[in-house]
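S.K.: Below: sequence and its predicted model.
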Amino acid sequence: MRVSSSFRPILRLALLALFVALAGCSLFHRGKKGDPMDTLPVEQLYQQGNEALQSGNNDYAVRVFQRLIARFPFGPYTEQSQLNLAYAQYKSDKPDDAYSTVNRFIKTYPTHRHIDYAYYLRGLINFNRSGGFMERYVGLDMTQRDQANLRQSFDDFGALVTRYPQSRYAADGRQRMIHLRNMMAQADLNVALFYLKRGAYVASSNRAKSILETYPQTPQAGDALAIMVKSYHELGQDKLADDAKRVLELNYPDHPSLKGRWPSYRSNWWKLIPLQNRG
């Protein structure tokens, strides 16, 4: 078949365009690279995740350990990677993900040699979640908010010190439990003061009594006794008021309520102002 001379330039242009297109596709596919995490052996992948953790690149560490676990679902590297993943998520401010990961680790590997750290990390996640930005930077009293995280963290550290009393993390766990116990006592004290301020004296006296029974020897015990004194007095139960006052005078002789300067219901609105001088 002979091609007319008038169509030859058009044919040459069409062939040239086809050649350029094919060459471009070849170069594109040749230059396209896969994710190195899909090809690295488990040892190198694990090392890469640890290096990311040590350098503070927590988001990347999360990606690496998630990919390692997906590619290698069994083995010692995978076990440790799940614990490292929980820590990386915790440091990346992803407490829900971290808590889910560490719980899965505890259930899957109950005899792991680092299981004590898993319990400790679980407590830390909720310990930091109980405060967060509003407490650290704005200065709000987080005991005036939901106490679920406080109580869960207390229980988590309690599991650590009960199951592994000789663990290297047990001493710190006990100290955090003391702090959490004081915070929970303060939360109940806030409720008792709320009732007292509004004249709900039965409720305030009952809550204050509960503080003494549930959280004895906490810094809030003195205030709880003072609430009981005032509440019983307002209810006309003078004997109970006198008994509570004697205990207060014996154990907290310098409590301001004994000098008539308590309680002071100071507003906390000013704490919402960043960089406020609170010295």
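M.R.: That came through fine.
S.K.: so how far is stretch 165-182 from its chain's centroid?
M.R.: Averaging C-alpha positions (Cα atoms, centre = their mean, to the nearest Å) puts stretch 165-182 16 Å from its chain's average.
S.K.: what comes up buried for it?
M.R.: 167, 169-170, 172-173, 176-177, 180-181 (16 or more other Cβ atoms under 10 Å). The way it works is simple: take the backbone N, C-alpha and C, and place the C-beta from them, glycine included.
S.K.: Over to stretch 67-83?
M.R.: Quick answer for stretch 67-83 (16+ other Cβ under 10 Å): 67-69, 77-83.
S.K.: hmm, back to that, relative to Arg104, which of the buried residues of stretch 165-182 is nearest.
M.R.: Using Cβ to Cβ, Tyr169 is the member of the buried residues of stretch 165-182 that lies nearest Arg104, at 19.7 Å.
S.K.: Surely that closest one and His114 touch.
M.R.: No: the pair Tyr169 / His114 is not scored as a contact, 10.1 Å apart, by Cβ atoms under 8 Å.
S.K.: re the thing from before, please list the members of the buried residues of stretch 67-83 that lie in helices.
M.R.: Taking DSSP state H as the definition of helices, the buried residues of stretch 67-83 contribute 67-69, 77-83.
S.K.: Make TSV out of those and add pLDDT and distance to Asp238.
M.R.: Converted to TSV, these look like this (pLDDT from 0 to 100; distance: Cβ to Cβ, whole Å):
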residue	pLDDT	distance to Asp238
Arg67	96	71
Leu68	96	70
Ile69	96	67
Tyr77	95	71
Thr78	95	69
Glu79	95	65
Gln80	96	65
Ser81	97	66
Gln82	97	62
Leu83	97	60
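S.K.: a markdown table for those residues, including distance to Gly49?
M.R.: Shown next, in a markdown table, are these (distance: Cβ to Cβ, whole Å):
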| residue | distance to Gly49 |
| --- | --- |
| Arg67 | 9 |
| Leu68 | 7 |
| Ile69 | 10 |
| Tyr77 | 10 |
| Thr78 | 11 |
| Glu79 | 13 |
| Gln80 | 10 |
| Ser81 | 7 |
| Gln82 | 11 |
| Leu83 | 11 |
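S.K.: Give the residue spans of this structure that score low on pLDDT.
M.R.: The model of the chain has pLDDT under 70 over residues 1-34, 130-146, 265-279.
S.K.: For the single longest helix found in it, which helices and strands make contact with it?
M.R.: Ranked by number of residues, the top helix in the chain under DSSP H is helix 170-197. Judged by 3 or more Cβ pairs under 8 Å, 6 or more residues apart in numbering; DSSP states H and E, helix 170-197 is in contact with helix 115-129, helix 148-163, helix 201-214, helix 221-234.
S.K.: any chance of those in CSV, plus mean neighbour count?
M.R.: Below are those laid out as CSV (neighbours: other Cβ atoms under 10 Å):
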stretch, mean neighbour count
helix 115-129, 22
helix 148-163, 19
helix 201-214, 19
helix 221-234, 23
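S.K.: want to throw those into JSON lines with distance to Tyr87?
M.R.: What follows is those, written out as JSON lines (distance: least, Cβ to Cβ, whole Å):
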{"stretch": "helix 115-129", "distance to Tyr87": "6"}
{"stretch": "helix 148-163", "distance to Tyr87": "15"}
{"stretch": "helix 201-214", "distance to Tyr87": "33"}
{"stretch": "helix 221-234", "distance to Tyr87": "37"}
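S.K.: Mind telling me what element Gln47 is part of?
M.R.: helix 42-54 (DSSP states H and E).
S.K.: And Phe74, by the same measure?
M.R.: Counting by DSSP H and E, Phe74 is found in no helix or strand.
S.K.: Tell me how far it lies from Tyr87.
M.R.: Per Cβ to Cβ, to the nearest Å, Phe74 is found 21 Å from Tyr87.
S.K.: swap in Ser81?
M.R.: Taken as Cβ to Cβ, the span from Ser81 to Tyr87 is 11 Å.
S.K.: and if you look at Asn251?
M.R.: Taking Cβ to Cβ, one finds Asn251 at 43 Å from Tyr87.
S.K.: now do Gln80
M.R.: From Gln80 over to Tyr87 (counting by Cβ to Cβ), the distance is 11 Å.
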